[in-house]
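S.K.: okay, predicted coordinates and the sequence, questions at the end:
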Amino acid sequence: MRKISVGVARRVALAAQGFAARKPVRSTRRSVLGVVEKTQLLQLDSVSAVVRAHYAPVFSRIGAYDRSLLDEAAWRHNARRPRRLVEYWAHEAALIPVEDWPLMRWRMTQFENGRWAGVRKVVERNPTLGKDILDVFAEVGACTAGEVERHLELDKPRAKGSWWNLSDTKMICEQLFAAGALSVDKRVSFARHYDLVERVIPPDILARTVSEEDAVRELVLRAATAHGIGTETDLRDYYRLHRRQTEPAIADLVDAGELHPVEVEGWDKPAYLREGTPIPRRVEGAALLCPFDPLIFFRARTERLFDFHYRIEIYTPEPKRVHGYYVFPFLLNGELVGRVDLRAERAAGRLSVPAAFAEPGYDTPGTAHALTEALRDMADWLELDKVVIGPRGNLAPLL
């Protein structure tokens, strides 16, 4: 088995994720979608302390771009510019290439009887609600769960204690989405506008059938493409698969020459190198990584690759937070050298940095200079006039 250093593994991972390439002079729809070709997915999250989670990884890799390019690729469709991305439960809620939708059909089958235990209770007390909701979409087209609720109220008078309530309607809409009966046609102010799946997914893709075994093998291959190198656990986590699925898939891909077993210095599990993944001599440049960036969203892998312990502290009570509420790790020349707590204070026109921390050995003027430029670039992209540095952290005085 080939042996490689963790430094080589790190450069492989960064190249696979798009950090070894030069940033384009001008960002286009093609360059935005080129990021997804590398990452395979973009995680969605409702937190908007700085910018929505799916926008940030694109900025980290190609620099300032028009976010409407990503919106159009995911949530608009016409004959000239067809939909290129679609929402589904991949890592978590995520944007994936629309061509990958059939690879998730086995998961939709698993979710037919309920993704959460609470949904089953809703179905038991509202046995026709799912059909009624589908009838609304068939009649009126794309709309939010709240709009479905109001439409149902027109036909069904609300009685005291009625089960026609937004909570149940939203839960069933989400259940129908998980089961593949609904998809997301568009988002407005980040609210999902669902529609019947046949109106969102192109007919040729909708008609495609893939067995669970073949789909999982392809998803593991996509995870390996996005990782460049990873353990079974890493490959499993990318699409939230199960070990019983990934182990035979990895064995098949090794036999096919798509993956190569390697031993990484300091790792306690074998790793798998994706065939054809480049191994750059160096990775240069700076990037701020949002908490849901695909490079770092599996924290155990982040620690193995970068010796960087990272946890999101959104749900940690403020007095117990170590680094802050919404903390971006700072990537510089192939290393995670620090982290900054960030807020986009749009009304005040400023990017606030309440805290800035350097990793051991990186509390230097060079780190501060590079981070200053990265913060200014982010502020410009978000159309914020000022960058305001707070007092917390060992890097704050240098900033």
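M.R.: Noted; the coordinates are in hand. Numbers count the residues shown, from 1 in each chain.
S.K.: can you give me the helices for the stretch 251-399 of the chain?
M.R.: Shown for the stretch 251-399 of the chain, the helices assigned by DSSP state H, counting those that start in this stretch span residues 299-306, 365-381.
S.K.: packing partners for the longest one?
M.R.: So the one you mean is helix 365-381. Here helix 365-381 touches strand 286-288, strand 327-332, strand 335-345, strand 350-358, strand 386-392, going by 3 or more C-beta pairs under 8 Å, 6 or more residues apart in numbering; DSSP states H and E. C-beta: built from backbone N, CA, C; applies to glycine.
S.K.: centre of the chain versus that helix, how much separation?
M.R.: 24 Å (C-alpha atoms, centre = their mean, to the nearest Å).
S.K.: got the phi and psi for Pro95?
M.R.: I think there's a mix-up here, since residue 95 is Leu and not Pro. Phi and psi for Leu95, reported as degrees, to the nearest 10, are phi -90, psi 130.
S.K.: and Gln175, by the same measure?
M.R.: Per degrees, to the nearest 10, the backbone of Gln175 is at phi -70, psi -40.
S.K.: what's the neighbour count on it?
M.R.: 25 (other C-beta atoms under 10 Å).
S.K.: can you check Ser68 too?
M.R.: Neighbours around Ser68, by other C-beta under 10 Å: 11.
S.K.: where's it, which helix or strand?
M.R.: Using DSSP states H and E, Ser68 sits within helix 67-75.
S.K.: try Ala9
M.R.: helix 6-16.
S.K.: tell me the buried residues in that helix?
M.R.: Buried residues in helix 6-16, counted by 16 or more other C-beta atoms under 10 Å: Val8, Ala9, Arg10, Arg11, Val12, Ala13, Leu14, Ala15, Ala16.
S.K.: and the helices of the stretch 251-399 of the chain as CSV, adding mean pLDDT?
M.R.: As requested, the helices of the stretch 251-399 of the chain are exported to CSV (pLDDT from 0 to 100):
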stretch, mean pLDDT
helix 299-306, 97
helix 365-381, 98
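S.K.: ends of stretch 235-243, what's the gap?
M.R.: 10 Å (C-alpha to C-alpha, to the nearest Å).
S.K.: what residues are up against Ala93?
M.R.: Gln43, Leu44, Asp45, Glu87 (C-beta atoms under 8 Å, 6 or more residues apart in numbering).
S.K.: how about a cut-off of 10 Å?
M.R.: Gln43, Leu44, Asp45, Ser46, Ala53, His54, Glu87, Glu174, Phe177, Val184, Arg192 (C-beta atoms under 10 Å, 6 or more residues apart in numbering).
S.K.: which residue comes closest to the third one once chain neighbours are left out?
M.R.: Spelled out, it's Asp45. Ala53 (3.9 Å; C-beta to C-beta, 6 or more residues apart in numbering).
S.K.: list the contacts for the one you found?
M.R.: With C-beta under 10 Å, 6+ apart, Ala53 has these contacts: 42-47, 92-94, 290-293, 297.
S.K.: for those residues, give me JSON lines that also has distance to Arg76 and pLDDT.
M.R.: Formatted as JSON lines, the contacts of Ala53 follow (distance: C-beta to C-beta, whole Å; pLDDT from 0 to 100):
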{"residue": "Leu42", "distance to Arg76": "16", "pLDDT": "98"}
{"residue": "Gln43", "distance to Arg76": "21", "pLDDT": "98"}
{"residue": "Leu44", "distance to Arg76": "17", "pLDDT": "97"}
{"residue": "Asp45", "distance to Arg76": "21", "pLDDT": "95"}
{"residue": "Ser46", "distance to Arg76": "21", "pLDDT": "91"}
{"residue": "Val47", "distance to Arg76": "24", "pLDDT": "94"}
{"residue": "Glu92", "distance to Arg76": "23", "pLDDT": "95"}
{"residue": "Ala93", "distance to Arg76": "19", "pLDDT": "96"}
{"residue": "Ala94", "distance to Arg76": "18", "pLDDT": "98"}
{"residue": "Cys290", "distance to Arg76": "24", "pLDDT": "97"}
{"residue": "Pro291", "distance to Arg76": "27", "pLDDT": "97"}
{"residue": "Phe292", "distance to Arg76": "23", "pLDDT": "97"}
{"residue": "Asp293", "distance to Arg76": "25", "pLDDT": "98"}
{"residue": "Phe297", "distance to Arg76": "27", "pLDDT": "96"}
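S.K.: max pairwise distance over the residues you listed: which two?
M.R.: The largest separation in the contacts of Ala53, counting by C-beta to C-beta, is between Ser46 and Asp293 at 16.4 Å.
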